[in-house]
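Undergrad: attaching a predicted model along with its sequence, questions to come.
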Amino acid sequence: MRHWAIAAAAAVLFLDQSAMGGQADLSYDPANGWVWLDQSEADGGYIDSFVLRANDPPGFVNPTEVPLAYWNYESIATETEISQTNTKPEEWPGPGFSFHVDGVFELGPHFPTGKDLNGLQTFLTEATYNSGEDFDLIVIPEPLTVVSLLVGGAIVAGVRRRRSRAA
């Protein structure tokens, strides 16, 4: 039973990379290029502005379809930059994007697909929020990776159990 607990703890640590930092998260799904910003760990608990800049090419996918039109915000959506800046912070201070029920702002499938963390870091020349804080970049594991991790843990636990019975 102890081995299963160790394998489960390792899986949780592997899957919950956001627990490693005190920054807002930029999560990326390599299967479909979907990106979302999670402000729950941002200083003050909100994202007031953000800038994402990419290498050109390949640049962002269909940037004109990024959902960025919010009141009091200057928005840019091009092949090399997706950004929003609060133009009147004195009138609209604080919770910027927190009107999203779960604190997550979904940008949609606007990144190229198939990138690992290193590839994502190379693709983005800038990923900042609230006047220069760096996003914590998170690549969501593909389902096959999660299954492989769980199967590997089960095999290791089975081998250990068999050895302990033999001894």
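TA: Yep, that arrived.
Undergrad: show me where this structure has helices.
TA: 2-15, 117-123, 143-166 (DSSP state H).
Undergrad: check which residues of the second one are buried.
TA: Right, the one you point to is helix 117-123. Neighbour-count burial for helix 117-123, counted by 16 or more other CB atoms under 10 Å, picks out 120, 123. No exception for glycine: its C-beta is placed from N, CA and C like everyone else's.
Undergrad: and that helix, average pLDDT?
TA: Here helix 117-123 scores 95 as its mean pLDDT.
Undergrad: run through who's touching it.
TA: 28, 54, 55, 58, 111, 112, 115, 137, 139 (CB atoms under 8 Å, 6 or more residues apart in numbering).
Undergrad: quick one: distance of it to the chain centre.
TA: 12 Å (CA atoms, centre = their mean, to the nearest Å).
Undergrad: output that helix as PDB, restricted to C-alpha atoms.
TA: What follows is helix 117-123, C-alpha atoms only, in PDB (Å, rounded to 0.1, in the frame of the first residue of the first chain):
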ATOM      1  CA  LEU A 117       8.200  23.200 -22.100                       C
ATOM      2  CA  ASN A 118      11.500  23.900 -23.900                       C
ATOM      3  CA  GLY A 119       9.800  24.500 -27.200                       C
ATOM      4  CA  LEU A 120       7.200  26.800 -25.500                       C
ATOM      5  CA  GLN A 121      10.000  28.800 -23.900                       C
ATOM      6  CA  THR A 122      11.700  29.100 -27.200                       C
ATOM      7  CA  PHE A 123       8.500  30.100 -29.000                       C
END
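Undergrad: can you give me the strands in this structure?
TA: 25-29, 34-38, 50-54, 73-77, 81-86, 104-109, 124-129, 133-134, 136-139 (DSSP state E).
Undergrad: from the contacts of helix 117-123, which has minimum pLDDT?
TA: Within the contacts of helix 117-123, pLDDT reaches its minimum at residue 58, with 83.
Undergrad: for residue 126, give the beta-bridge partners.
TA: residue 53 (DSSP bridges).
Undergrad: one step back: now the strands of the chain in JSON lines, with mean neighbour count?
TA: Formatted as JSON lines, those follow (neighbours: other CB atoms under 10 Å):
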{"stretch": "strand 25-29", "mean neighbour count": "21"}
{"stretch": "strand 34-38", "mean neighbour count": "20"}
{"stretch": "strand 50-54", "mean neighbour count": "22"}
{"stretch": "strand 73-77", "mean neighbour count": "16"}
{"stretch": "strand 81-86", "mean neighbour count": "20"}
{"stretch": "strand 104-109", "mean neighbour count": "17"}
{"stretch": "strand 124-129", "mean neighbour count": "19"}
{"stretch": "strand 133-134", "mean neighbour count": "14"}
{"stretch": "strand 136-139", "mean neighbour count": "19"}
